[in-house]
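Enquirer: Take this sequence and fold it.
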Amino acid sequence: MSEFELFQSEKQKLDGYVAQKFKIVGVLEDLEGAWLDLEHPGGETAKLHLTTANARKYYVNVLLSQGKTKV
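Expert: Numbers count the residues shown, from 1 in each chain. Coordinates of the predicted model:
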């Protein structure tokens, strides 16, 4: 899988969670990528591992936009 295809896959996964109203509540960055902790208002939780640099930049934009919206 090319780097672009991997980025698209990771972006689609994150967008899927955001579409279901999940919010990023925690981030752990290491040399392997970024581990996102996601939480739904109903209490459900999920983890997502992003490995590409573009996906890691993208989640920051998602995180910043979540701070601008009201629940």
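
Enquirer: Can you find the helix or strand in the protein with the smallest mean pLDDT?
Expert: Of all helical and strand segments in the chain, the minimum by mean pLDDT, DSSP states H and E falls on helix 53-68, at a mean of 93.

Enquirer: what sits against the closest residue to Leu48 other than its chain neighbours?
Expert: Distances taken as C-beta to C-beta, 6 or more residues apart in numbering place Leu36 nearest to Leu48, at 4.5 Å, with adjacent residues excluded. Heads up, the C-betas are built off the backbone N, CA and C, glycines and all. Contacts for Leu36 (C-beta atoms under 8 Å, 6 or more residues apart in numbering) come out as Leu14, Ile24, Gly26, Val27, Lys47, Leu48, His49, Leu50, Tyr59.

Enquirer: backbone phi and psi for His40, please?
Expert: Phi and psi for His40, reported as degrees, to the nearest 10, are phi -90, psi 150.

Enquirer: ok so, going back, could you give the bridge partners of the residue nearest to Leu48?
Expert: Val27, Leu48 (DSSP bridges).

Enquirer: Give me the distance between Lys23 and Ala55.
Expert: Distance check for Lys23 against Ala55: by C-beta to C-beta, to the nearest Å, it reads 17 Å.

Enquirer: err, Ser2, not the other one
Expert: Between Ser2 and Ala55 the computed distance is 14 Å (C-beta to C-beta).

Enquirer: So for the two, which sits in the more crowded spot?
Expert: It is Ala55, of Ser2 and Ala55, that has more neighbours when counted by other C-beta atoms under 10 Å, with 22 against 7.

Enquirer: What sits closest to that one if chain neighbours are left out?
Expert: With C-beta to C-beta, 6+ apart as the criterion, Ala55 has its nearest non-adjacent residue at 3.9 Å, and that residue is Glu10.

Enquirer: what pLDDT does the closest residue in space to Met1 that isn't next to it in sequence get?
Expert: Excluding its sequence neighbours, the residue lying closest to Met1 (C-beta to C-beta, 6+ apart) is Ser9, at 7.6 Å. On the pLDDT scale, Ser9 is placed at 98.
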